[in-house]
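[1] Build me a structure from this.
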Amino acid sequence: MDDKCVIPGAGAFELACSEHLNNWAKTSVTGKAKLGVNAYADALLVVPRTLAVNSGFDAMDTILKIQEAH
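    I've put the predicted structure just below:
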């Protein structure tokens, strides 16, 4: 509050990182490493998915909406 900066929360970092990793895996990663990168990107979505479920929303609809908005 003192320096008037905003820190994204509610899974925003995890969503952005997941999208970046998925895009990177499509263009730069080959072989078995691509599977690992995609698995890690999917694992990062656990945070926003859990927050959606705990808030009473449908997890899949919420993830799709925020991915489209991002």
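[2] Which residues belonging to the helix or strand where V47 lies are considered buried?
    Assigned by DSSP states H and E, V47 falls within helix 46-54. By neighbour count on 16 or more other C-beta atoms under 10 Å, the buried set for helix 46-54 is 47-49, 51-52. Just so you know, the C-beta spots here come from the backbone N, C-alpha and C atoms, and that holds for glycine as well.
[3] Name the nearest of these relative to N22.
    Closest approach to N22 among the buried residues of helix 46-54 (C-beta to C-beta): P48, at 14.5 Å.
[4] What separation is there between that closest one and T27?
    Using C-beta to C-beta, to the nearest Å, one gets 24 Å for the distance from P48 to T27.
[5] Need the residue closest to the centroid of the protein.
    Closest to where the C-alpha atoms of the chain average out (C-alpha atoms, centre = their mean) is L15, at 2.0 Å.
[6] Correct me if wrong: it contacts L64.
    No: applying C-beta atoms under 8 Å as the test, L15 and L64 come out as separate, 11.3 Å apart.
[7] can I get the CA coordinates of the helix holding V47 in CSV?
    Output in CSV follows, covering the C-alpha atoms of helix 46-54 (Å, rounded to 0.1, in the frame of the first residue of the first chain):
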residue,chain,number,x,y,z
VAL,A,46,-4.2,-26.5,-9.5
VAL,A,47,-4.0,-23.2,-7.7
PRO,A,48,-6.7,-21.3,-9.7
ARG,A,49,-8.8,-24.5,-10.0
THR,A,50,-8.8,-25.0,-6.2
LEU,A,51,-9.6,-21.3,-5.6
ALA,A,52,-12.6,-21.6,-8.0
VAL,A,53,-13.9,-24.7,-6.3
ASN,A,54,-13.5,-23.2,-2.8
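[8] all helices of this protein, in order?
    For the chain, the helices defined by DSSP state H occupy 12-28, 32-44, 46-54, 59-69.
[9] Mind putting those into TSV with distance to D2 and mean pLDDT?
    Shown next, in TSV, are the helices of the chain (distance: least, C-beta to C-beta, whole Å; pLDDT from 0 to 100):
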stretch	distance to D2	mean pLDDT
helix 12-28	22	91
helix 32-44	30	93
helix 46-54	27	91
helix 59-69	29	87
